[in-house]
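J.: Take this sequence and fold it.
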Amino acid sequence: MAESILLRFLRSGLIDVKGDDTKLEKIGLAASDLATALRKTPSKAVAFVLAAADPEVDAGDPAIAEALDALGKHWVTYVNTFSGPPVAVARAILLEALTQAAADSAPIGAAFVALARNAFSVLDPGADSAVWADVITSIEKEVDARAEAEWAVPSSVSPPVADFEVPDLAPLTLTAGHTDVEQLKEEFYAASGPNYVNQNGQQAVTRGNPHWQSNNPAHWVTEFGNRMAVSVAEALDTAVNGVTVGNADLSEPIRSLAAGVSGYVSEAMNTMAAATTGLQRRVALLWWKESLFSPTGQVSYRDLPPEAAATLMAFDLHQQVPVSSPASVVAFLSETVMSLPLVEKEETHAVLDLVEIAQTNISLNTARDAGALITAVPEGRGPVIALIAHSDTPASRDSSAFRRLTGVPHDARLTLSEWACWIFRELQAVHATTASPKASRGGRRRTRG
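T.: Here you go, the predicted structure:
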């Protein structure tokens, strides 16, 4: 936003600081303090949005009180400036804090848009509607762009570059045995003839080949060949048996190479899975829409009362998609609800009646249990799903307190498709601000029926 929320409230006459810029600065400091608190505790965003959006919010609402407490730390005498509790100032502080926090927190931004869209679908336009419309549109563009990117289906997938290291192999070392040359000489002498001249020049007996080439050539050759073959074979066997190989253990290099290849394959598969996530989600949702079967209730939506079916559809869709979802997902839910044969598209239902059905219908037991885990017992301003989830508490059944606890007018009416979208947005907003950072980036904790 080019201009701060507080300055726009001031220029529109929605807050009055009697021309004192220092007071506006103090209001800004209070908003910054709440923005910091929001970043630390994103779950505060739900109450902050619902209180800030409603011009008729009670002055004693916890969110309004927290905003005024923050203001009092910087502007001690603010109570002397206004004739009563400055609820409008508190709402402006809450909106400014939400805008600041949503700028660097995707979950808070997603929750803000979902809850604000719900609130302004049933509240009468107020003097600050134009300011809110600009803020919602601005944050919604960022939220939807982020969600569309997460759901995108790429036209092609580029595998990662194989950059794993091939381990260096230590060179093999060979150590050969030694042949006894002197012994080999004696055996060669013996193969050649019965006598030879030794180192001393004396004739020595070999006890070898008795035949001489001159008097019996054929027998000499036979004897010579046989003896030479034996001598050479024994010498070769001795040398070969003496060979040893060093650095022959390749188990560690092979394990290292296998680990590198496994890491590359795993990265490639993760890349492929991430690239096709959007397609997988769309296919799964189309299957769900066409089957009209509740995965949590294990029942056909056609077998349920339309009011209960619409509520269960919202919960089931919430279970199937991440908290960061494009606006088209809400439209998809609306069309799915209207595809039920018993749903009259234009027929409206009192929100109080829809809440009572959601509190009591047995098919919504799983949804109520899941809602109880992510919402608090109704006290101050909170989502409608808190009344449904905590249906056993007195406040949840108190119709006179309904407006105070939810911000929804008593006479509010919605079509069943609008009701389902309302519940879906609340579930997404609450889950986004209570989930772990990992889950809020797209993960989804499943609740089994």
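
J.: Show me the strands in this structure, by range?
T.: 173-175, 195-197, 203-205, 244-246, 293-294, 299-300, 348-350, 413-415 (DSSP state E).

J.: do you know which of the ones you listed lies nearest Asp69?
T.: For the strands of the chain, the distance to Asp69 is smallest for strand 413-415, at 34.7 Å, taking C-beta to C-beta. Backbone N, C-alpha and C define where each C-beta goes, glycine included.

J.: The closest one pairs with which strands, and in what direction?
T.: strand 348-350 (antiparallel) (DSSP bridges).

J.: for the strand it pairs with, what is the average pLDDT?
T.: For strand 348-350, the mean pLDDT works out to 94.

J.: how near is the spatially closest residue to Ala429 that is not a sequence neighbour to Asp353?
T.: If the residues on either side of it in the chain are set aside, Ala429 comes closest to Ala111, at 3.8 Å by C-beta to C-beta, 6 or more residues apart in numbering. Distance of Ala111 to Asp353, given as C-beta to C-beta, to the nearest Å: 27 Å.

J.: between the two, who's got more neighbours?
T.: With neighbours defined as other C-beta atoms under 10 Å, Ala111 and Asp353 compare such that Ala111 has more, 31 against 11.

J.: separation between the more buried one and Thr433?
T.: 5 Å.

J.: anything in contact with each of the two?
T.: Taking C-beta atoms under 8 Å, 6 or more residues apart in numbering as the contact rule, the neighbours common to Ala111 and Thr433 are 42, 45-46.

J.: Please work out which helix or strand belonging to this structure has the smallest mean pLDDT.
T.: helix 437-440 (a mean of 38; mean pLDDT, DSSP states H and E).

J.: if you average pLDDT over stretch 128-135, what comes out?
T.: Across stretch 128-135, pLDDT averages out at 86.

J.: Now do that stretch: distance to the chain's middle.
T.: Distance, stretch centre to chain centre, for stretch 128-135: 32 Å (C-alpha atoms, centre = their mean, to the nearest Å).

J.: Just the buried residues of it, please?
T.: Within stretch 128-135, the residues that count as buried by 16 or more other C-beta atoms under 10 Å are 128, 131-132, 135.

J.: ok, of those residues, which one's closest to Leu50?
T.: Using C-beta to C-beta, Trp132 comes nearest to Leu50 of these, at 12.8 Å.

J.: list the contacts for that closest one?
T.: Trp132 sits next to 53, 95, 116, 120 when contact means C-beta under 8 Å, 6+ apart.

J.: any idea how far the third one lies from Ala106?
T.: It stands for Ala116. With distances taken as C-beta to C-beta, Ala116 is found 16 Å from Ala106.

J.: When the two are compared, which one has more neighbours?
T.: Comparing Ala116 with Ala106 by other C-beta under 10 Å, the one with more neighbours is Ala116, at 24 against 20.

J.: My read is that that one contacts Ala53, right?
T.: Yes. If you go by C-beta atoms under 8 Å, Ala116 and Ala53 touch, sitting 5.9 Å apart.
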